[in-house]
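> Below: sequence and its predicted model.
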Amino acid sequence: MTSTTDAGVLAEGLGKRFEELWALRDFDLVVPQGSVLGLLGHNGAGKTTTVRILTTLARPTEGRAVVAGHDVVADPAAVRTRIGLAGQQATVDGLLTARANLQMVGRLYHLPRSVARARADELLERLGLTEAADRLVRTFSGGMRRRLDLAASLVAAPPVLFLDEPTTGLDPRARVELWELLEELVRDGVTLMLTTQYLEEADRLADDIVVLDGGRIAAQGSPAELKARLGGERHEVTVGSADELTSAALALGRFASDEPAIDADAGLVVAPVRAGVALAEVVRALDAANVDTTDLHRREATLDDVFLTLTEPTETTTEIAA
Amino acid sequence: MTAIAANLRFGLSDSLVLARRNLSHVRQIPEKLLDVTVQPLMFVLLFAYVFGGAIAVPGGNYHEYLMGGIFIQTLTFGVMGPAMSMANDLSEGVLDRVRSLPVARSAFLVGHVLAEFAAALLGLTVMTVAGLIVGWRIHTDVPHAMAGFGLLLLVAFAMLWVGMLLGSVVRSADAAQGLVFVVIFPLTFIANAFVPSGTLPSVLQHFSNWNPVSALAAGIRTLFGNPTATPDGAAWPLQHPVASSLMWCAVLLAVTVPLAIAAYRRRTEG
């Protein structure tokens, strides 16, 4: 049995190798019970591999992980009784009705038939699928499938829930609805680990964020910490010719909270905006530096910016003043 | 002891739940059962009434001869159902769902076997009734007749495992279907299933004589007391059709069961 002081999820030096490629390496993690961890990264960053190891679907090559008080390698059966998983690929059966899917999962948790039926009805109601309960799942929209998948992962009311990119491919409205639902679950005390490609999603839901890049942890911290470091607005300047990149970077640097990054292929300079800078000042500075600016705009930081900042040394000349 | 008993009970109930899932698919897509219902029926009618008039069976009635062949041909095509359903499930997320639940890993495989065996039973029933309608009869005593149906079940079981293996190694259900057609079609037609092999050109005759389908069809005919039309001096398997049928089934099962389980384990290892 798990005591309340145990972490919901604990990983130490976790690694997974596929032939010559390490999909995950040196992965350390502590997710306190009842908290939400957002695992942020691009496709191929190792998010799904992490989830598959923690949910006993894949064996780690090295390291160890304890989920809901049980070791994933030594005692996978015990882990499975205490977790719920909604995979990236919807894991519901298209040729069964929504109700039959949930009843099957209930029966596989060894719930008595009547309990499985009642639980299925309850979850259909909770996820707004009662109307569609007796329809074949293959007729469902992407959003409905995701909700049913989530329902299936909730059948046994697991204390730890893993969601692999729960909102990928959903329209904005369905995404917000799912977020509200997840917030509700977290209020009920569930430990939640979710992977996402969206900074905004991790920001809204997660207590802590781990940024994965190329199978390794690139950054870790609360959303506020990471945003202070990585987020905020960006100035993005497109110049007419490549030899103007350096002078544009110099001009932008005066208004930047960190060193500007140069993307020579795209003819772009991107810099994080220092607080209190007006766009007009930037225009004047670029003009004064005789930069042929073809485009200039100010936008919110994207995940790309985060990765650019985290994973690649910025290509700037050292003499740029901070 | 009680823990083992509980595991066994859960294992069985898990397998039944999963078998029921496969069977529900049939309720949603009844076409899935065409290969074990309409298809054999079509073959019975086609050969009994269209080609049958032109085929002479030395020492017997063609309708009586035909059924042994139809039984074996249909059971051989029974490779398709399990191959496709396994291939489908292995390429979709459903297996991940099942594997993240506290369910024995074998339950998924056993569930498939149970459901597909039920489908094969249905097919056998349809064929038996259709055979009786077109004039096929059992001429042996009860023990032999029972042995005949026993052999049919054994063949069904062996083919099911061939399908399970195939479905676990191919990349997609379509690939499984293509492969089954390319292999099973010649196997069931270059045999004594529909025509006595004495009428074939000598190279094909040689193939037919050593073809397991021929031995199995002859085995069924022998046990039901139907004409086998085995020419004098035929190959050993046809001279001893029941023994060779049992051997073929044993060989198939000895090869496919461990390989299918190993392939499934490999696919679910991650």
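Received it, and whenever you're ready, just let me know what you need. Residues are numbered from 1 along each chain as shown, chains lettered A, B, ... in the order given.

> residues in the stretch 151-300 of chain A within reach of chain B, list them.
A:A152 (CB under 8 Å from any CB of the partner chain). Heads up, the C-betas are built off the backbone N, CA and C, glycines and all.

> Where do the helices of the stretch 151-300 of chain A begin and end?
A:172-187, A:199-205, A:223-230, A:245-253, A:279-288 (DSSP state H, counting those that start in this stretch).

> who are the neighbours of the second one, in terms of helices and strands?
Packing contacts for helix A:199-205, counted by 3 or more CB pairs under 8 Å, 6 or more residues apart in numbering or on different chains; DSSP states H and E, involve strand A:36-40, helix A:172-187, strand A:191-196, helix A:223-230.

> Adding mean neighbour count, distance to A:D121 and mean pLDDT, write these out as a markdown table.
Putting those into a markdown table (neighbours: other CB atoms under 10 Å in any protein chain shown; distance: least, CB to CB, whole Å; pLDDT from 0 to 100) gives the following:
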| stretch | mean neighbour count | distance to A:D121 | mean pLDDT |
| --- | --- | --- | --- |
| strand A:36-40 | 26 | 28 | 93 |
| helix A:172-187 | 15 | 17 | 89 |
| strand A:191-196 | 25 | 24 | 93 |
| helix A:223-230 | 17 | 36 | 75 |
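
> quick revisit: with distance to B:V195 added, can I get the helices of the stretch 151-300 of chain A in CSV?
CSV is the format used below for the helices of the stretch 151-300 of chain A (distance: least, CB to CB, whole Å):
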stretch, distance to B:V195
helix A:172-187, 61
helix A:199-205, 67
helix A:223-230, 76
helix A:245-253, 81
helix A:279-288, 88
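
> What strand or helix carries A:R64?
Using DSSP states H and E, A:R64 sits in strand A:62-67.

> which strands and helices sit next to that strand?
Applying 3+ CB pairs under 8 Å, 6+ apart, we find strand A:62-67 packed against strand A:7-18, helix A:47-54.

> Which residues does the helix or strand following it contact?
Going down the chain from strand A:62-67, the next helix or strand is strand A:70-71, by DSSP H and E. Residues outside strand A:70-71 that contact it (CB atoms under 8 Å, 6 or more residues apart in numbering or on different chains) are A:64-65, A:78-79, A:82.

> Report the helix or strand with the lowest average pLDDT across chain B.
helix B:2-28 (a mean of 82; mean pLDDT, DSSP states H and E).

> Can you check the pLDDT for B:I72?
Note on B:I72: pLDDT of 94.

> export the helix or strand containing it as PDB, just CAs?
Secondary structure from DSSP H and E places B:I72 in helix B:62-77. Extracted in PDB, the C-alpha atoms of helix B:62-77 (Å, rounded to 0.1, in the frame of the first residue of the first chain):
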ATOM      1  CA  TYR B  62     -19.700 -36.700 -56.500                       C
ATOM      2  CA  HIS B  63     -21.700 -34.900 -53.800                       C
ATOM      3  CA  GLU B  64     -20.500 -37.400 -51.200                       C
ATOM      4  CA  TYR B  65     -17.000 -37.000 -52.400                       C
ATOM      5  CA  LEU B  66     -17.200 -33.200 -52.600                       C
ATOM      6  CA  MET B  67     -17.900 -32.500 -48.900                       C
ATOM      7  CA  GLY B  68     -14.600 -33.800 -47.500                       C
ATOM      8  CA  GLY B  69     -12.900 -31.300 -49.800                       C
ATOM      9  CA  ILE B  70     -15.200 -28.400 -48.900                       C
ATOM     10  CA  PHE B  71     -14.800 -29.000 -45.200                       C
ATOM     11  CA  ILE B  72     -11.000 -28.800 -45.500                       C
ATOM     12  CA  GLN B  73     -11.000 -26.000 -48.000                       C
ATOM     13  CA  THR B  74     -13.200 -23.800 -45.700                       C
ATOM     14  CA  LEU B  75     -11.200 -24.600 -42.600                       C
ATOM     15  CA  THR B  76      -8.000 -23.800 -44.500                       C
ATOM     16  CA  PHE B  77      -9.400 -20.400 -45.500                       C
END
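
> For that helix, what is the distance to the chain centroid?
Distance of helix B:62-77 from the chain centroid (CA atoms, centre = their mean, to the nearest Å) equals 11 Å.

> tell me what that helix is packed against?
On a contact count with 3+ CB pairs under 8 Å, 6+ apart, helix B:62-77 meets helix B:38-45, helix B:105-133, helix B:142-169, helix B:173-189, helix B:212-224.

> Taking helix B:2-28 as reference, get the angle to whichever helix or strand A:Q103 is part of.
Using DSSP H and E, A:Q103 maps to helix A:98-108. Following axes from the mean of the first three to the mean of the last three CA atoms, to 10 degrees, one obtains 160 degrees for the angle between helix A:98-108 and helix B:2-28.

> Which strands or helices does helix A:98-108 pack on?
Using 3+ CB pairs under 8 Å, 6+ apart, helix A:98-108 sits against helix A:113-126, helix A:142-154, helix B:2-28.

> Show me what the shortest one is packed against.
It stands for helix A:142-154. Using 3+ CB pairs under 8 Å, 6+ apart, helix A:142-154 is in contact with strand A:83-86, helix A:98-108, helix A:113-126, strand A:160-164, helix A:172-187.

> So what touches it?
Counting by CB under 8 Å, 6+ apart, A:84-87, A:90-92, A:98, A:101-102, A:105, A:123-124, A:126-129, A:132, A:137, A:140, A:161-163, A:166-167, A:169-171, A:174, A:177-178, A:181, A:185, B:97 sit against helix A:142-154.

> and it with strand A:160-164, angle?
Using the same axes, to 10 degrees: helix A:142-154 against strand A:160-164 is 150 degrees.

> Please identify the buried residues of helix A:142-154?
Judged by neighbour count using 16 or more other CB atoms under 10 Å in any protein chain shown, the buried positions of helix A:142-154 are A:143-154.

> In TSV: those residues, plus distance to B:R171 and pLDDT.
As requested, the buried residues of helix A:142-154 are exported to TSV (distance: CB to CB, whole Å; pLDDT from 0 to 100):
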residue	distance to B:R171	pLDDT
A:G143	30	83
A:M144	29	88
A:R145	24	89
A:R146	27	87
A:R147	31	89
A:L148	27	92
A:D149	25	91
A:L150	30	91
A:A151	31	93
A:A152	27	93
A:S153	28	93
A:L154	33	93
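
> ok, of those residues, which one's closest to chain B?
Taking CB to the nearest CB as the measure, chain B lies nearest A:A152 of the buried residues of helix A:142-154, at 6.4 Å.

> quick one, what contacts the residue nearest to B:P231 when sequence neighbours are not counted?
Distance criterion CB to CB, 6 or more residues apart in numbering or on different chains; nearest residue to B:P231, sequence neighbours excluded, is B:G198 at 4.8 Å. By CB under 8 Å, 6+ apart, B:G198 lies in contact with B:58, B:205, B:229, B:231.

> Ok, A:P32 next?
A:P32 neighbours (CB under 8 Å, 6+ apart): A:7-8, A:191.

> any idea which helix or strand carries A:D26?
Taking DSSP H and E as the criterion, A:D26 maps to strand A:21-32.

> Any buried residues in that strand, and which?
By neighbour count with 16+ other CB under 10 Å, strand A:21-32 contains the buried residues A:22-25, A:27, A:29, A:31-32.

> Contact partners for the residue nearest to A:W22 when sequence neighbours are not counted?
In this structure, A:W22 finds its nearest non-sequential neighbour in A:G215, 5.3 Å apart by CB to CB, 6+ apart. For A:G215, the contacting residues are A:22-25, A:45-46, A:49, by CB under 8 Å, 6+ apart.

> returning to that earlier point: ok, the strand holding A:D26: who's next to it in the sheet?
Next to strand A:21-32 in the sheet, as set by DSSP bridges, lie strand A:7-18 (antiparallel).

> what sits up against the strand it pairs with?
By CB under 8 Å, 6+ apart, strand A:7-18 touches A:22-35, A:37, A:46, A:49-50, A:53-54, A:58, A:60-68, A:159-160, A:191, A:193.
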